[in-house]
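# this is a predicted model, with the sequence first.
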Amino acid sequence: MHKKNTAKTSSKLAKHMVKILSLTAVLGLSVSAYASPINGTGNITPEVIFGDGNANGSWTGETANGVEVALRGKLRFNAAASPENTFNYDGDRTYTFDPTLSSIPANRSVFNFEYAVNVDTDSLGNTLDDYSYLFEFDLDPTAGTEFVGFDIITLKTDNELGDNATGNGDGIVDDTNYASIFGNYSVAQNSQNRGFGYSGLLDAAAEGIFTYNLTVFDANGGTVATSSIDIVVGNVPVPAPSTLVSLFSGIFALGFVSLRRRKKQLS
């Protein structure tokens, strides 16, 4: 009788542990689904088309169904209050900046967040107006998040526009006619500072960890591609990406110990 009970208990616990392991695997995948260097290299296509002297590389995002979406953080103010192609990228989703090493003007952050969308990587002729977009910026300096969102690609009229043939720094800027020319292009990019209205009531120079998301939707509202990054300013503890996975791994370990104890008691 004891042997039968032991077998039943072992079987039940084993099933629970399989479920836990499966959930752990799913959580692990969801954490890193869009937290990796774009295209495996960190380089966007066709190039960085905004401004002058902006290097490619260190972009986080994904390319799916002919749509590429990417975000990155960049040092905007160095010790001489000048921009640099310095990204301090961890190769996953996090960009870190030390404001004590910089000369930062009032109401500005040490970093810029930069975004890029290319909706025609497969050269099928898709244009920006074939999709809708949601950009979310975080007002909470802690590990928590408080998002404000809007369609930054459609509504931000100083975005630089182009296509797959546009070279570095050759984007088109036309604030006045943006709405009417928007649909002629497949690429939109820009670089923004928290001090441009993205900090809420918080000082733009405040230290903390800030999350930025950019998602592209198709005409039916389905998600096509998305990117998410964290930008860390100052000496702020960063939660490990594997926290949830570790939690469920711990539960699995406890379940295993419980199984052994149960078997010992029944034997």
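The structure has been received and is ready for your questions.

# ok, now which ones touch the nearest residue to residue 123 once chain neighbours are set aside?
In space, not counting the residues next to it along the chain, residue 123 is nearest to residue 164; the distance is 6.4 Å by C-beta to C-beta, 6 or more residues apart in numbering. Placement of C-beta: from N, CA and C, glycine included. With contacts defined as C-beta atoms under 8 Å, 6 or more residues apart in numbering, the neighbours of residue 164 are 45, 46, 118, 120, 121, 123, 186, 187.

# if we use 10 Å, what do you get?
Contact partners of residue 164, counting by C-beta atoms under 10 Å, 6 or more residues apart in numbering, are 45, 46, 47, 118, 120, 121, 122, 123, 186, 187.

# run through the bridge partners of residue 68.
Beta-bridge pairing for residue 68 (DSSP bridges): residue 63, residue 118.

# isn't it right up against residue 226?
No: judged on C-beta atoms under 10 Å, residue 68 makes no contact with residue 226 at a distance of 11.2 Å.

# those two: who's more crowded?
residue 68 (26 against 19; other C-beta atoms under 10 Å).

# who's in contact with that one?
Listed by C-beta under 10 Å, 6+ apart, the contact set of residue 68 reads 38-39, 44-46, 59, 61-62, 116-122, 186-187, 216, 225, 227.

# rewinding a little: which of the contacts of residue 164 are buried?
Among those, those buried by neighbour count (16 or more other C-beta atoms under 10 Å) are 45, 46, 47, 118, 120, 121, 186, 187.

# distance check, the closest residue to the third one other than its chain neighbours against residue 149.
In space, not counting the residues next to it along the chain, residue 47 is nearest to residue 168; the distance is 4.5 Å by C-beta to C-beta, 6+ apart. Counting by C-beta to C-beta, to the nearest Å, the separation of residue 168 from residue 149 is 30 Å.
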